[in-house]
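# here is my input; please provide its structure:
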Amino acid sequence: MAKYLLLKHYRGAPASANDVPMDKWTPEEISAHMTYMRDFASRLQETGEFVDSQALAPEGTFVRYDGEGRPPVTDGPFAETKDLIAGWMVIDVDTYERALELAGELSAAPGAGGAPIHEWLELRPFMTAQPTDPECHPA
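Prediction:
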């Protein structure tokens, strides 16, 4: 089994086919989308492929260390210029092909008008043990 992270982007990914921002959806459209997401996760729980998921608020701040005794540095209140993550799901599957299959299915969650979003999802494998070949990572 291999773990993969599926990332849903607010911004930063290519536009989806049904490219209506969620803040323009009706309450019923949002409810249908969330139901689809919960049902998808429930089905993966039954197969043992679901690990965890969470929706995220659009607000966020980049933070970095700025040296001993100094406050952290932030990027400012300019959220509209950032690539923002809407949520994530971790899956644990037997093959990369299965991860692609599930990401494709999740991409079809309903959006505005009940039509599938066909959004782009970022599929990222979890890092496993580091390579031990000294030619790949010389000391």
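
# wait, doesn't residue 110 sit right on residue 32?
Yes. The criterion here is Cβ atoms under 8 Å, and residue 110 meets it with residue 32 at 4.9 Å. Any C-beta I mention is one placed from the backbone N, CA and C, and that applies to glycine too.

# more neighbours: which of these two?
residue 110 (20 against 16; other Cβ atoms under 10 Å).

# look up which residues are beta-bridged to the more buried one.
Beta bridges link residue 110 to residue 116 when assigned by DSSP bridges.

# quick thing: my sequence starts at 533, can you match it?
OK, 533 is where the count begins now, so the last one is residue 642.

# for the protein, give me the ranges with low pLDDT.
Scanning the chain with the threshold set as pLDDT under 70 gives 608-615, 661-671.

# which residues in it form helices?
For the chain, the helices defined by DSSP state H occupy 559-579, 628-638.
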